[in-house]
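# all I have is the shape, not the residue letters:
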C-alpha cells in the first residue's frame, strides 16, 4: 500500500524514548494503523473501514 500523503498521529501518551505505540492516519474511506517502531523503514500498515475502526475502539475501551 503506497500512502505517502497520509498524516500519521499517535497517542500523546507515547514518547520518543518510551515504549512503542501505534499510529493512525485517517483517509476518506480507510483508517490506516501502523506500529510506530516501523517508522525508519516505513513498515507495513493495516487498513480498516471507519465503521470497523470505530467498533474496535469502542470494544478496546471496554476491556
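Noted; the coordinates are in hand. Computed from a predicted model, the values in this text were never measured in an experiment.
# I'd say residue 9 and residue 31 touch.
No - in terms of Cβ atoms under 8 Å, residue 9 does not count as a neighbour of residue 31; the distance is 11.2 Å. Bear in mind the C-beta positions are built from the backbone N, C-alpha and C, glycine included.
# out of the two, which sits in the busier spot?
Using other Cβ atoms under 10 Å as the criterion, residue 9 and residue 31 rank with residue 31 on top: 19 against 10.
# helix or strand: which one has the residue nearest to the more buried one when sequence neighbours are not counted?
Using Cβ to Cβ, 6 or more residues apart in numbering and skipping residues adjacent in sequence, the residue nearest residue 31 is residue 53, 4.0 Å away. Element membership for residue 53 (DSSP states H and E) is helix 50-62.
# show me what that helix is packed up against.
Judged by 3 or more Cβ pairs under 8 Å, 6 or more residues apart in numbering; DSSP states H and E, the packing partners of helix 50-62 are strand 31-35.
# how about the strand it packs on: buried residues?
31, 32, 33, 34 (16 or more other Cβ atoms under 10 Å).
# adding distance to residue 58 and pLDDT, write these out as TSV.
Listed next are the buried residues of strand 31-35 as TSV, based on distance: Cβ to Cβ, whole Å; pLDDT from 0 to 100:
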residue	distance to residue 58	pLDDT
31	13	96
32	19	93
33	15	92
34	21	88
